[in-house]
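[1] after the sequence you'll find the predicted model.
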Amino acid sequence: MFTFTNPRHQMSCELKREYHVNFTDGILESTSSLLTQTVRHNRVLVITTPTVYKHYGERFVRLAQEQGLDLVFEVLSLTEQTKTFESVEKICEWSQHYNLGRSDILIAFGGGVCSDAVSVAASLIRRGIRHIRIPTTLIGQIDAAIGLKGGINFRNHKNYLGCFYPPSDVFIDPGFLGTLNRESLSHGFAEIVKMALVCDAELFDKLQCHGSSLLNSSFTQPADAASHVIERAVQLMLKELRENPYENITSERLVDMGHTFSPYLEAASKFSIQHGEAVAIDMALTSLISVELGLLQERDAHTIINLLSNLGLPIWSPLMTSELCSFSIKEAALHRRGNLNLIVLEGIGRPRFIKSAGEVEGGVLDRALAKLAVHGERMMQGPEISRNCVDWMKDTG
């Protein structure tokens, strides 16, 4: 028989990490030294997508040659449909092929999906190597690329697998937005509206005043509004993330606005509904739930829905059914440690958490869905998807 003087020992394993989100202009110009100084003494593998490489690959390669950087490119087709472990494995294969060590760097050069996949790969390679994110889409610059998380889809569940693995740096260059189409810009606006709704009524007002102009000008006009909106959205997001970076302090997160129903709406559409579109539909429904709960004035809900529509976003989908919403509520509670924590609104910039699913399921949810369908029919918005939502839920079960 064994005898132990102290059968229980405590191990402290806290790790504090910091990273910088850098605003820059013309990052691929040789006159800009911010990126080159960061990677100058490292071997670098850049992961990008075919579209981004077509627009910017030659300029990036020329910059590397001019600055004497030890840098190679690999191009990978990355969409929500291909954001799977197979894509992460391919990045890991390339990293092994180039014999990357722990002092070397991966760069995600693309949109939010690219950032997600590269972050997961970086967390796995040699149990963790540095990675840098250079987002080229609006949704990447103000949301996906500036946080700590990476994620991949698994068995029809969005971001079911993932990691908390902060980048070493993020470089935001709004100049990349000039090559985006109108639809891609609209998707990014959804995340800006989200932050305005939960944190900043003045930002919401600015979107009402200048959102259409920014959308039509690829985020260049009016110039002062373009800079303010991007920087303010990033500031608000970082402030919220900074207080609970690993989501272990609380499951009440304001940045989850628009993200209760949207992941399952995306998955139900086989990811033909884009993330920003799903978030917009989620926020429209949540606004009407707030009205049904007696928290939000109906005119404010209409203002929110009209802004989303004016920014080119859908506010309804035939897939947004009572069955899908009930499924989403159950899954959200599993993800949020047993509580729904639905963010509803008492006003623009005045959020409130609903902990219990019982407060919204049934009559409240059904009435909100009915109103949403009316709005959707009036605005003729929302992708036409024929897939049966119930069949999808069986597939994911």
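    Alright, I've got the coordinates. Numbers count the residues shown, from 1 in each chain.
[2] for the spatially most central residue of the chain, give me its contacts.
    Against the mean C-alpha coordinate of the chain, by CA atoms, centre = their mean, the closest residue is Ala144 at 3.6 Å. Neighbour list for Ala144: Gly111, Gly112, Val113, Ser115, Asp116, Pro135 [criterion: CB atoms under 8 Å, 6 or more residues apart in numbering]. All C-beta spots, glycine's among them, are computed from the backbone N, C-alpha and C.
[3] do Ala280 as well
    Ala190, Val193, Gly258, Leu308, Leu313, Pro314, Ile315.
[4] now do the SS call for the nearest residue to the fifth one once chain neighbours are set aside.
    For Leu313, ignoring the flanking residues on the chain, the nearest one in space by CB to CB, 6 or more residues apart in numbering is Ala280 at 3.8 Å. Three-state assignment for Ala280 (DSSP: H, G, I helix; E, B strand; the rest coil): helix.
[5] got it, and Leu203?
    Per three-state DSSP, Leu203 ends up helix.
[6] narrow the contacts of Ala280 to those in helices?
    Ala190, Val193, Leu308 (DSSP state H).
[7] make TSV out of those and add distance to Ile27, neighbour count and pLDDT.
    Formatted as TSV, these follow (distance: CB to CB, whole Å; neighbours: other CB atoms under 10 Å; pLDDT from 0 to 100):
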residue	distance to Ile27	neighbour count	pLDDT
Ala190	25	28	98
Val193	27	26	98
Leu308	31	28	97
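[8] in the chain, which strand is the longest?
    In the chain, taking DSSP state E as the definition, the longest strand is strand 157-164.
[9] can you tell me what sits against that strand?
    80, 85, 116, 119-120, 123, 148-154, 245-247, 263-264, 266-267, 271, 396.
[10] quick check: next helix or strand after that strand?
    strand 169-172 (DSSP states H and E).
[11] for Val344, which non-adjacent residue is spatially closest?
    Closest to Val344 by CB to CB, 6+ apart is Ser290, at 4.2 Å.
[12] OK, contacts around the one you found?
    By CB under 8 Å, 6+ apart, the neighbours of Ser290 are Leu296, Ala301, Val344, Leu345, Glu346.
[13] in strands, which of the residues you listed fall?
    Counted as lying in strands by DSSP E, out of the contacts of Ser290, are Val344, Leu345, Glu346.
[14] now distance to Asp224, pLDDT and neighbour count too, for those residues, in JSON lines please.
    Formatted as JSON lines, the ones in strands among the contacts of Ser290 follow (distance: CB to CB, whole Å; pLDDT from 0 to 100; neighbours: other CB atoms under 10 Å):
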{"residue": "Val344", "distance to Asp224": "33", "pLDDT": "98", "neighbour count": "21"}
{"residue": "Leu345", "distance to Asp224": "28", "pLDDT": "98", "neighbour count": "25"}
{"residue": "Glu346", "distance to Asp224": "31", "pLDDT": "98", "neighbour count": "15"}
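[15] related to what we said a few turns ago, and the contacts of strand 157-164, which are buried?
    Buried by 16 or more other CB atoms under 10 Å: 80, 116, 119-120, 123, 148-153, 245, 247, 263-264, 266-267, 271, out of the contacts of strand 157-164.
[16] and those residues, which of them are in helices?
    Using DSSP H, the buried ones among the contacts of strand 157-164 in helices are Asp116, Ser119, Val120, Ser123, Pro263, Tyr264, Glu266, Ala267.
[17] about what we covered before: and the gap between the residue nearest to Leu313 and Ala373?
    15 Å (CB to CB, to the nearest Å).
[18] next: Leu334.
    Distance of Leu334 to Ala373, computed by CB to CB: 28 Å.
[19] and the lengthiest helix in the chain, what does it pack against?
    Using DSSP H, we find that the single longest helix of the chain is helix 223-242. Secondary-structure packing of helix 223-242 (3 or more CB pairs under 8 Å, 6 or more residues apart in numbering; DSSP states H and E): strand 20-23, helix 182-199, helix 201-216.
[20] buried ones in the first one, by neighbour count?
    This means strand 20-23. Val21, Asn22.
[21] what's that strand in contact with?
    Leu34, Ile146, Asp169, Val170, Phe171, Ile172, Asp173, Glu231, Val234, Leu238.
[22] so which helix or strand takes in the second one?
    Following DSSP H and E, one finds Ile146 outside all helices and strands.
[23] ok, now which ones touch it?
    Val21, Arg133, Pro135, Val170, Ile172, Val234, Met237, Leu238, Leu241.
[24] if you set the cut-off to 7 Å instead, what comes out?
    Val21, Val170, Val234, Met237, Leu238 (CB atoms under 7 Å, 6 or more residues apart in numbering).
[25] pLDDT at it, what is it?
    Looking at Ile146, its pLDDT stands at 98.
[26] and what of the fifth one?
    You'll see Phe171 listed with a pLDDT of 97.
[27] run a quick neighbour tally on it.
    By the criterion of other CB atoms under 10 Å, Phe171 has 23 neighbours.
[28] burial count for Ala370?
    12.
[29] how close does it sit to Met283?
    17 Å.
[30] Val170 too?
    On the measure of CB to CB, Val170 and Met283 end up 25 Å apart.
[31] how about Val39?
    The value you get for Val39 to Met283, if CB to CB is used, is 38 Å.
[32] for the protein, give me the ranges with low pLDDT.
    31-32, 380-397 (pLDDT under 70).
[33] do that again at 90, thanks
    Along the chain, the model assigns pLDDT under 90 to residues 1-5, 7, 13-17, 29-34, 361-362, 375-397.
[34] what's the domain layout of it?
    20-179, 182-396 (automatic domain parsing).
[35] looking at those domains, which is closest to Cys13?
    domain 182-396 (12.7 Å; CB to CB).
[36] if you skip the residues just before and after it, what's nearest to Ser287?
    Ala301 is the one closest to Ser287 (CB to CB, 6+ apart), at 4.2 Å.
[37] ok, the one you found - how many residues close by?
    As a burial measure, Ala301 scores 24 neighbours (other CB under 10 Å).
[38] right, I'll call it a day here.
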